[in-house]
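Chemist: Return atomic coordinates for the entry below.
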Amino acid sequence: MIAILGIVIVFAAVIGGFLMEKGHLAVLVQPAELLIIAGASLGTLLVANPVHILKGIGSGVLGVLKGSKLHKARYLDALKMMYQFLNKVRKEGLLSVENDVEKPEASPLFKDHAEFLADHAARDFVCDTLRMAITGGVEPFDMDQMMELDMEVHHDEATQPVNALSTTADSLPGLGIVAAVLGVVITMGALGGPPEEIGHKVAAALVGTFLGILLCYGVAGPLSANMAKAAEEHNHYLHVLRVLLTSFLKGAAPIVAVEMARRAIPAHVRPSFDEMEKSCKGQPAEAAAPAAA
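Modeler: Have a look, this model is predicted:
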């Protein structure tokens, strides 16, 4: 929700300053200029990107507007889930969790962790790694390499929509100039007419440049920057799971593996040891409430 507030502040500050200088708000309402800029930018986006990247841009923008889901409570939930999972493996062996790994949606170990199941990348990351562990014959080092490759693929896929939106944002000032030039062409055709009409057409042409720059630096650019940070956050989340799984595959006890993972969590959302311990043991932890989006 902070992203929405930021966009509102941008437009409020720009329009408020314009009104303070006795500007007429109606002058900024130029549907033709907006159509040229928005339509051309959408067209270039469609030309430059395949469908899966366009879907990634849409889901990425929605994710930014909703706010980050990787808060402290999400990490605590993941640590608790993996602690319970690894405890079962420790007591009953890897074969005891084969059905949980094959069908995580129906697993009693995973079914109470809706956010984990909804995150297909993280779910498959964990389950595919554990499938290989159950199969056997793979060294922990090789498992770690597999997880690293998986993370690289996911990160590359997550950054493609960011780069596409960033490129479109960079093109908006140029498209604003295109709209302004078209406005100047129309103005030149009206020379000899009433001064008021010529002034109105010049103002409309300048609004095109204004809109292109505002949409670039006030909306599209910040959205792409926030999407890039969201991709990094999710990569950190996968890294935490990787540290936990690697530690356990090397023979660490469940609580040690979970503590290793806790140390890998970014500092601003990292739970304390006490919070982690209480969560794993099923005790309430006041600090586990989600941070504000």
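Chemist: where along this structure do the helices fall?
Modeler: 2-20, 25-28, 31-48, 51-66, 72-92, 98-102, 114-118, 120-135, 140-189, 195-215, 221-249, 254-264, 273-280 (DSSP state H).
Chemist: low pLDDT regions in this protein?
Modeler: Within the chain, the stretches with pLDDT under 70 are 283-293.
Chemist: What residue in it is the furthest from its centre?
Modeler: In the chain, counting by Cα atoms, centre = their mean, Gly192 sits farthest out from the average C-alpha position, at 53.2 Å.
Chemist: picking up where we left off before, switch the helices of the chain over to a markdown table; also include distance to Pro108.
Modeler: Every residue, glycine included, has its C-beta placed from N, CA and C. Listed next are the helices of the chain as a markdown table, based on distance: least, Cβ to Cβ, whole Å:
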| stretch | distance to Pro108 |
| --- | --- |
| helix 2-20 | 37 |
| helix 25-28 | 58 |
| helix 31-48 | 44 |
| helix 51-66 | 29 |
| helix 72-92 | 10 |
| helix 98-102 | 8 |
| helix 114-118 | 13 |
| helix 120-135 | 15 |
| helix 140-189 | 25 |
| helix 195-215 | 49 |
| helix 221-249 | 20 |
| helix 254-264 | 17 |
| helix 273-280 | 17 |
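Chemist: got CSV for those, with mean neighbour count too?
Modeler: Shown next, in CSV, are those (neighbours: other Cβ atoms under 10 Å):
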stretch, mean neighbour count
helix 2-20, 12
helix 25-28, 12
helix 31-48, 15
helix 51-66, 15
helix 72-92, 19
helix 98-102, 16
helix 114-118, 13
helix 120-135, 17
helix 140-189, 17
helix 195-215, 17
helix 221-249, 20
helix 254-264, 19
helix 273-280, 18
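Chemist: ok, Ser224 - contacts?
Modeler: Counting by Cβ atoms under 8 Å, 6 or more residues apart in numbering, Ser224 makes contact with 162, 165-166, 169.
Chemist: In contact with Ala169: list those residues for me.
Modeler: Listed by Cβ under 8 Å, 6+ apart, the contact set of Ala169 reads 215-216, 220-221, 223-224.
Chemist: how about 7 Å then?
Modeler: By Cβ atoms under 7 Å, 6 or more residues apart in numbering, the residues touching Ala169 are 216, 220-221, 224.
Chemist: and what of Ser166?
Modeler: Ser166 makes contact with Ser224, according to Cβ under 7 Å, 6+ apart.
Chemist: With Leu109 instead?
Modeler: Contacts for Leu109 (Cβ under 7 Å, 6+ apart) come out as 84-85, 88, 100.
Chemist: Can you add distance to Asp144 and give these back as JSON lines?
Modeler: Listed next are the contacts of Leu109 as JSON lines, based on distance: Cβ to Cβ, whole Å:
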{"residue": "Gln84", "distance to Asp144": "23"}
{"residue": "Phe85", "distance to Asp144": "18"}
{"residue": "Lys88", "distance to Asp144": "22"}
{"residue": "Asp100", "distance to Asp144": "22"}
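Chemist: sorry, back to before: Ile198 versus the residue farthest from the centre of the chain, what's the distance?
Modeler: 9 Å (Cβ to Cβ, to the nearest Å).
Chemist: same question, Leu249
Modeler: Distance from Leu249 to Ile198, by Cβ to Cβ: 75 Å.
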